[in-house]
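Visitor: Give me a 3D structure for the following:
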Amino acid sequence: MEEIIVDVCKDLNCAPSKDTQLLVGVYSCIRELELLLCLESIDVRMIGIWGMGGIGKTTLARAIYETISHKFEGSCFLADVGDLTRKGEDYLKQQLLSRVLRDKNIDATTSLLKAKLHSKKVLVVIDNVNHRSILKTLVGKCNWFGPHSRIIITTSDKQFLTMHGVNVVYEVQKLQDGKDIEVFNYYAFRNGPPSRDVMNLIDHVIAYAQGLPLALEVLGSSLCKKSKDEWMCALNKLKKIPNREIHEALQISFDELDDDEKNIFLDIAFTFVGEQKDVVVEILDSCGFSATSGIRTLVDKSLISIIDGKLHMHDLLIEIGNEIVQRTFPKEPGKCSRLRMQQDICHVLEKYTMTKLRVLSIYGKSSPHGMQCKVHIYDDFKLPCDELRFLLWEQYPLKSLPYDFESKNLLWLIIRDDHLTQLWEGNKVHIPGIDHLVSLEILNLSGCSKLEKFLDISQPMPCLSKLYLDGIVMTEPPSSICYAIRLTLLSLRNYINLERFLGIDKLVSLEKLIFSGSSKLEKFPDILQHMPCLSELYLDGTAKTNLPSSIGYATRLDTLILRNCINLKRFPVIDKLVSLEILSLSGCSELEKFLDILQHMPCLSKLYLDGIAITDLLYSIGYVTQLVTLIFRNCINLEHFPRIDQLVSLETLLLSGCSKIEKFPDISQQMQHLSKLYLDGTAILELPSSIGYSILLTLLSLESCINLKYFPNISQFVSLEKLILSGCSKLEKFSNISQPKPCLSELYLDGTGITELPSSIAFSTQLVRLVLRKCKNLHSLPSSICKLTRLEILSFFGCSNFGKCEKRT
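Guide: Numbering: from 1, shown residues only. As a prediction, the model looks like this:
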C-alpha cells in the first residue's frame, strides 16, 4: 500500500506545500479556477474571486498564484490594494510594474505600464479591491497585456467586477464536509492532538464559525494550549461579547453602505433571514427604503445571499447587526426601530416607550438565532406603536390581542401559540371610525391550535394577500374567507379536522392553495367557474379518493401535488390542464393505473410517480414531449417501460428500486438532453448498445443491479462524468476504454466481481475518485493508473485477493 502511494505521488509530480494544512479545502478550488482561467487559451482573461470577508479569497488567490506563476514571463501579487490606495495611483502602478519586470527603480505611468506589458505573458493578482478606480488604474483593459496573460481580482463587492466588465466570477464558499474541522484543528492543536476533555467542545466552535476560515483561525489560535475550563469560559463569553478581530474584519463591508442600505441590512439581520425576498421588499418599501436596489447591493457585497427566493445571512453577520443596534441606544431601547434582546423587549412593553419601532420579533423555541424571549404581560396590556410594520410573537401569553391595538400601518402579523383563542374580543374589523387592518397583507396564525373564532371578514379586506392557518383545529374555516378577494395564498396545512371547504371559486385572485396533511379532507370542492389565477394546488397527505373533473377549470394550474394520498385510486384526464408543469403522485400506493394522455401536453416537465402500484406505463407518455424529469422510484410492480426516445426533452430518468424491470428499452435516435439515468436495484441483465445515443449523459447509476453481467463500451459515453456500478456482484469485467475520456471524474466499482482493471483506464485523464472497495476478486492494478494525474481518492479497502501492483515496464 505504501509503495503504491509513493509511486502515485511521484507520477503526480506533487510536492507538499509548506503550509499544507492552511490550504485545506483549497485544492479543489484551485482546479476549478484553473478551468476558468483556461491557461491554454491565447486570449487575455480577467477572473474575479468574490465572497464575504474572512471567507478565504486571499488565501485562494495566493494558492493559485503559487501554483501557476512559473508558467508566465512575469508575475505580481499586489496584496491588500485597498490599503495601498492611500499612497496614490502612481505608487500602485510602480509596484505592479517593478514586480512584474523585477526592476525596483522603474518609474511608472499608465502609458509606460501598457508599453512595457502589452507584449508580455503576465500573471497579475489584485487583492482586496474596494474601489473601481483601482481596476481602472492597474488593469484598465485586456489589451494592456500580452497574449496568454491572466488577471485575477479578489473583492467582497461583486459590483466592482461587473462595472469593470469581468464576466467570469468565482464565488468562494464556506468550508464544510469536515474541512472546517481540519482548519480549526490545525490552529487549535498544532502542538499535539486534542485532549479528551475538550473534544466535546469542538462542535460548539464549529457551529459558531459556520465554515468561515477567518473565524476558525482566530478562535483556534486563541484556544490553543488552553484547558477545558478556559475553553468553556471563552465559549460563554462569545455568547455575550463577540470576538473583536472577527467582527472588525466582517464589518468593513457594512461600513461601506449608505444609511438606507445599513437600515435594510439591520432589518434583515433582525427579522427577515429565511423570509421570501419579494415579501421583504414590500415591507421595506413601505418603510421608505429603496429595498430592491438595497438588497442587490447587500448581495454584491456578500452580506446576504438569496437561495430559492429567500434571504440568507451568515450568523456572524447577524451578530454584528445586533451589536450595532445595541450600541445606538444602549440605555433607551424604546427609541430603537427594531428589538430582539429579551430585556429590551420587556422594558419597552412594560414602560410603553415604543415610539419608533417598525419591526418587533419575539421568538420562542423556533428562534433562528437561538434567542428565546419570554415576556410576561397582563390582560390590560397595550401595544402603542403607530409605526409598526411587522409583528411576530411566538408563545403569545394572552387569549386575544389588546382591544385598542393600533395597527393601521401593520403589513405582517404572525401570532403562534396555544393560548390564542381569538384575535380580538368583539368584531374588531367593524369598529366604526377605526381602520385597524386596512394595510394588513399577511396574516399567519399557524400553530394556534386553540383558536376558536376567526375574524369575520364579510367586508372585503383591501390588502390581505396571504393567510396561513396551518395546524388549526376548527372544523372548517369561516365562509367569510371568500370575501378576501385579493387573497393570493391560502395555507391550511395540517388542518386536522378539516373535512370540507366551500366556495373556493370565489377566491378569484387565489394563486396558491395548500391542504397538505389535512388528513380528513376526503373531497376536493367542485369548481363552479373559471379560476384564472390558481397555479399551485397541494393536496398531499389528504384522504382524497379522487379529483373532480371540474379541476379542469383551473386552466393556469402549473403545480399539482397529490403525494402520499394513500386512498387515491383514480385520476381524472388532465389534458385540459394545458399549463401543468409539475405533477406528483408519489406514494399513492393504491393507484394502479396512470392516466391515458389523449393529447399533447405542452408544459408538463416534471412527473413524480414513486411507489405507485402500476404494472405498465402507457405509450401515450410520449405525448409529454417537454418532460424533463421522470421519477418511478420503488414502483415494485412495474415490469415494462415504453420507449423513451419520444421524450426529446428528458434530462433525468429515475427507475431505482423497480425490481421487476429486466430490460431497458432500445433508443432509436439521439437523446440530446438526457443527462442523468438511475437504474439502481433493477433486474436489468445488460444495457442495450443503443444507450450510446444518450450523448449528453453525465451520470449513470446501476448500483446493486445484482443480475448485471455485461456493461457496454464506456467509450461511447462521451460526456459521462460519474459512473456507479457498486454492488453489481456478477459484473466480472470492466470494458476497455478505446479513446480518451475527458469528462469522467468518478468511477465506483466497489462490490463488483471484476478481477482487474484494463490498462486503458489511463484514458480517464480527469478521474478524481476511483472506488474499488470490497472487490474480492481483484488481484492487481495496472501500472498505467499512475498516469491519472488528477486522482485524489483511490480506495481498495477489503479487496482480499489483492496481491500486488504490476511492476512498471
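Visitor: all contacts plus neighbour counts: C-alpha atoms, from now on.
Guide: Will do.
Visitor: CA atoms only for the strand ranked longest in the chain - export them in PDB, please.
Guide: Counting by DSSP state E, the longest strand found in the chain is strand 122-129. Output in PDB follows, covering the C-alpha atoms of strand 122-129 (Å, rounded to 0.1, in the frame of the first residue of the first chain):
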ATOM      1  CA  VAL A 122       2.000  38.000 -17.300                       C
ATOM      2  CA  LEU A 123       0.000  36.900 -14.200                       C
ATOM      3  CA  VAL A 124      -1.300  39.700 -12.100                       C
ATOM      4  CA  VAL A 125      -3.300  39.300  -8.900                       C
ATOM      5  CA  ILE A 126      -5.000  42.400  -7.500                       C
ATOM      6  CA  ASP A 127      -6.100  41.600  -4.000                       C
ATOM      7  CA  ASN A 128      -8.900  43.100  -1.900                       C
ATOM      8  CA  VAL A 129     -10.200  45.700  -4.300                       C
END
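Visitor: Now do the very next helix or strand once past it: everything it contacts.
Guide: Using DSSP states H and E, the helix or strand that follows strand 122-129 towards the C-terminus is helix 132-138. With contacts defined as CA atoms under 8 Å, 6 or more residues apart in numbering, helix 132-138 is touched by 81, 85, 89, 92-93, 96, 110, 129, 160, 163-164.
Visitor: Would you show me how to pick out the buried ones of those in ChimeraX?
Guide: In ChimeraX syntax, the buried subset of those is picked out as below (16 or more other CA atoms under 10 Å):
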select :81,85,89,92,93,96,110,129,160,164
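Visitor: low pLDDT regions in the stretch 51-200 of the chain?
Guide: In the predicted model of the stretch 51-200 of the chain, residues 108-110, 191 satisfy pLDDT under 70.
Visitor: Could you rerun that using 80?
Guide: Applying pLDDT under 80 to the stretch 51-200 of the chain picks out residues 85-86, 104-112, 190-197.
Visitor: Can you show me the strands along it?
Guide: Ranges of strands in the stretch 51-200 of the chain, per DSSP state E, counting those that start in this stretch, are 74-78, 122-129, 150-155, 168-171.
Visitor: and if you look at the stretch 301-450 of the chain?
Guide: Counting by DSSP E, counting those that start in this stretch, the strands of the stretch 301-450 of the chain are 305-307, 310-312, 338-339, 359-362, 390-394, 412-416, 442-444.
Visitor: Tell me which of the ones you listed sits most buried.
Guide: strand 338-339 (a mean of 25; mean count of other CA atoms under 10 Å).
Visitor: List the strands paired with the longest strand of the chain, with their directions.
Guide: strand 74-78 (parallel), strand 150-155 (parallel) (DSSP bridges).
Visitor: Can you say which of these is packed in most?
Guide: strand 150-155 (a mean of 24).
Visitor: State the mean pLDDT of stretch 229-237.
Guide: Averaged over stretch 229-237, pLDDT sits at 89.
Visitor: Buried by neighbour count: which residues of that stretch qualify?
Guide: Buried, per 16+ other CA under 10 Å, within stretch 229-237: 231, 234-235.
Visitor: Present the strands of the stretch 51-200 of the chain as JSON lines; the columns should include distance to residue 508.
Guide: Converted to JSON lines, those look like this (distance: least, CA to CA, whole Å):
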{"stretch": "strand 74-78", "distance to residue 508": "61"}
{"stretch": "strand 122-129", "distance to residue 508": "52"}
{"stretch": "strand 150-155", "distance to residue 508": "48"}
{"stretch": "strand 168-171", "distance to residue 508": "43"}
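Visitor: mind checking which of the ones you listed is nearest residue 642?
Guide: The closest of those to residue 642 is strand 168-171. By CA to CA, the value is 42.7 Å.
Visitor: Please export the C-alpha coordinates of that closest one as PDB.
Guide: Taking C-alpha atoms only, strand 168-171 is exported to PDB below (Å, rounded to 0.1, in the frame of the first residue of the first chain):
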ATOM      1  CA  VAL A 168     -16.100  35.300 -15.100                       C
ATOM      2  CA  VAL A 169     -16.600  35.300 -11.300                       C
ATOM      3  CA  TYR A 170     -15.700  32.600  -8.800                       C
ATOM      4  CA  GLU A 171     -17.700  32.700  -5.600                       C
END
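Visitor: Quick one: distance of that strand to the chain centre.
Guide: Relative to the chain's own centre, strand 168-171 is displaced by 17 Å; criterion: CA atoms, centre = their mean, to the nearest Å.
Visitor: Over to stretch 54-61?
Guide: 21 Å.
Visitor: quick one on the thing from earlier: now the two most distant members of the contacts of helix 132-138.
Guide: 96 and 163 (21.8 Å).
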